[in-house]
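Trainee: Build the 3D model from these lines:
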Amino acid sequence: MSIYVDADACPVKAEVERVGTRHKVQMFVVSNGGIRPSQNPLVQTIVVPDGPDVADMWIADRAGPGDVVITGDIPLAARCVENGAQVLKHNGEPLTQANIGNVLATRDLMADMRAADPFRQGGGRAFSKADRSRFLDALERSLRKAAQS
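Mentor: As a prediction, this is how the structure comes out:
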């Protein structure tokens, strides 16, 4: 069992490390660079070469049954779900076989809507304390579930 974190722009890296350490789980924090490596022996900082989706491919090639993936990248989430991994968004929302199709379709629809309105400003709401709390609870449940598999 491992935790894979799509670390670029991830607001919950510290929370993942805290919960993962408590469960004594190996963690891989994957990015294109620019993040401070952890001194925690359970955390491996993986810096991949620059390029589109290189970090995503690194994670998707390794994550599988019994693993937990933390990402806001929906195509990466879909690949990891297909490989049997448990996937959580940063706000604690689980992405599963049951909902990943709808989430992908919504993502594509929203991309089309944004492309059709070049003057649209802003986007989603800010990351909140409630999101962080939901994430911590969801990660705890996912690790317990993975340990039982």
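Trainee: Give me the next element, helix or strand, following the worst-scoring helix or strand of the chain on mean pLDDT.
Mentor: Ranked by mean pLDDT, DSSP states H and E, the weakest helix or strand in the chain is helix 100-116, scoring a mean of 68. Where DSSP states H and E defines the elements, the next helix or strand beyond helix 100-116 is helix 129-148.
Trainee: How far off centre is that following helix?
Mentor: Its chain's C-alpha centre and that of helix 129-148 lie 12 Å apart, by Cα atoms, centre = their mean, to the nearest Å.
Trainee: helices or strands up against it?
Mentor: Judged by 3 or more Cβ pairs under 8 Å, 6 or more residues apart in numbering; DSSP states H and E, helix 129-148 is in contact with helix 13-22, strand 68-70, strand 86-88. Quick note: C-beta positions are derived from backbone N, CA and C, even for glycine.
Trainee: low-scoring stretches of the chain, by residue?
Mentor: Along the chain, the model assigns pLDDT under 70 to residues 107-124, 149.
Trainee: and among the helices and strands packed on helix 129-148, the most buried is which?
Mentor: strand 68-70 (a mean of 28; mean count of other Cβ atoms under 10 Å).
Trainee: roughly how far is the helix or strand just after it from the heart of the chain?
Mentor: Remark: after strand 68-70, the chain's next helix or strand is helix 74-82, criterion DSSP H and E. Relative to its chain's centre, helix 74-82 lies at 10 Å (Cα atoms, centre = their mean).
Trainee: Cheers, nothing more for now.
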